[in-house]
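Engineer: model the structure of this input:
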Amino acid sequence: MIVLLHTLLAMSSPSAGPSREPHASAHDSPPMPYVAQNACTFECCQYGPWRATSAAAAVASTIPGAKIVFAVKPGDTVRARRGIVITSKPGVTRVIKAVTLGYRDGGTAPELSLKPGDALLTLYPMGEAYDRFWYHGKFYDDEIDMPEDAFGNVSFTGFLKVESRPTFVWWVQVKNAQGVEGWLANPRGFDGMDSCA
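Structural biologist: From the prediction side, this is the model:
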C-alpha cells in the first residue's frame with residue numbers, strides 16, 4: 001500500500017513530466033490590455049498645438065477614475081505631446097472567403113493566406129479603413145473596416161465580416177498654457193489635430 005501511494009504521488013508531481021492535458025495557446029489572443037505607444041486612431045492625425053472648439057477635461061493619468069487636473073475651454077490652446085491607445089477588448093473580424101492580406105511593420109506585401117472561418121482580432125483603427133490586428137501571435141495592419149466618412153466599398157467586401165469592434169481609449173497627453181500636463185480621453189473638438197482638415 002505504501003509503495004502504491006508513493007507511486008501515485010510521484011506521478012502527480014511536477015517532476016513526473018509534462019501534463020497530457022490540452023492548454024490554450026498563448027497565441028490565441030493578444031495580451032490585454034493592449035497598449036500602443038505613439039499611436040493615432042485616424043488618418044492625418046498630428047500632435048502639436050491644438051485649439052479647443054469645445055470644452056474638455058484633462059485628467060492626471062490614464063487610470064480609470066483619475067482626477068481632473070485642468071479644464072479646457074473653447075478657445076484655449078494646448079500642446080498635444082503624444083498619444084497612446086489602450087485596448088481592453090479586441091474586436092472580431094471573420095474571414096468568409098479565402099483571401100491574402102495583413103502587412104507587418106515595414107512590410108511591402110501581405111503575409112497572411114487566410115481561409116473561411118479564420119478570425120482576426122482587431123485592436124484599434126488606424127484610419128482610412130486600416131486596423132491594427134492580431135493573428136496567431138503576431139500583429140498586422142490592413143484595410144478591414146469601413147470608416148464612417150468613406151465612399152465606395154471596403155477593399156475586402158465579400159471576403160471579411162466585421163462581427164464586433166474593439167473596445168479602446170485613445171489617450172493624448174497635453175500641456176496647457178500654465179505648463180500643467182494632463183490626459184484627454186478620445187479627444188474631439190480641437191483645431192490642429194487633423195493635418196488633412
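Engineer: can we go C-alpha only for contacts and neighbour counts from here?
Structural biologist: Fine.
Engineer: who's in contact with the residue nearest to residue 47 when sequence neighbours are not counted?
Structural biologist: Spatially, and ignoring its direct neighbours in sequence, residue 47 is nearest to residue 80 (5.0 Å; C-alpha to C-alpha, 6 or more residues apart in numbering). Taking C-alpha atoms under 8 Å, 6 or more residues apart in numbering, we find residue 80 in contact with 47, 48, 49, 50, 172, 173, 174, 175.
Engineer: among those, the buried ones, what's the ChimeraX command?
Structural biologist: Only the buried entries of the contacts of residue 80 go into this ChimeraX selection, using 16 or more other C-alpha atoms under 10 Å:
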select :47,49,50,172,173,174,175
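Engineer: for this structure, which strand is longest?
Structural biologist: Identified as the longest strand of the chain according to DSSP state E is strand 77-89.
Engineer: buried stuff in that one?
Structural biologist: Buried positions in strand 77-89, judged by neighbour count with 16+ other C-alpha under 10 Å: 77-89.
Engineer: domains of the protein?
Structural biologist: Residue ranges for the domains of the chain, per automatic domain parsing: 42-81+170-197, 91-165.
Engineer: mind putting the ones you listed into a markdown table with mean pLDDT?
Structural biologist: Shown next, in a markdown table, are those (pLDDT from 0 to 100):
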| stretch | mean pLDDT |
| --- | --- |
| domain 42-81+170-197 | 96 |
| domain 91-165 | 88 |
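Engineer: got those domains as TSV, with distance to residue 28 columns?
Structural biologist: Shown next, in TSV, are the domains of the chain (distance: least, C-alpha to C-alpha, whole Å):
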stretch	distance to residue 28
domain 42-81+170-197	24
domain 91-165	6
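Engineer: can you tell me which of the ones you listed comes nearest to residue 33?
Structural biologist: Of all the domains of the chain, it is domain 91-165 that lies closest to residue 33, at 9.8 Å by C-alpha to C-alpha.
Engineer: start and end of the closest one, how far apart?
Structural biologist: This stretch, domain 91-165, spans 4 Å end to end (C-alpha to C-alpha, to the nearest Å).
Engineer: do the same with stretch 39-58
Structural biologist: Chord length of stretch 39-58, first to last residue, is 19 Å (C-alpha to C-alpha).
Engineer: lovely, talk soon.
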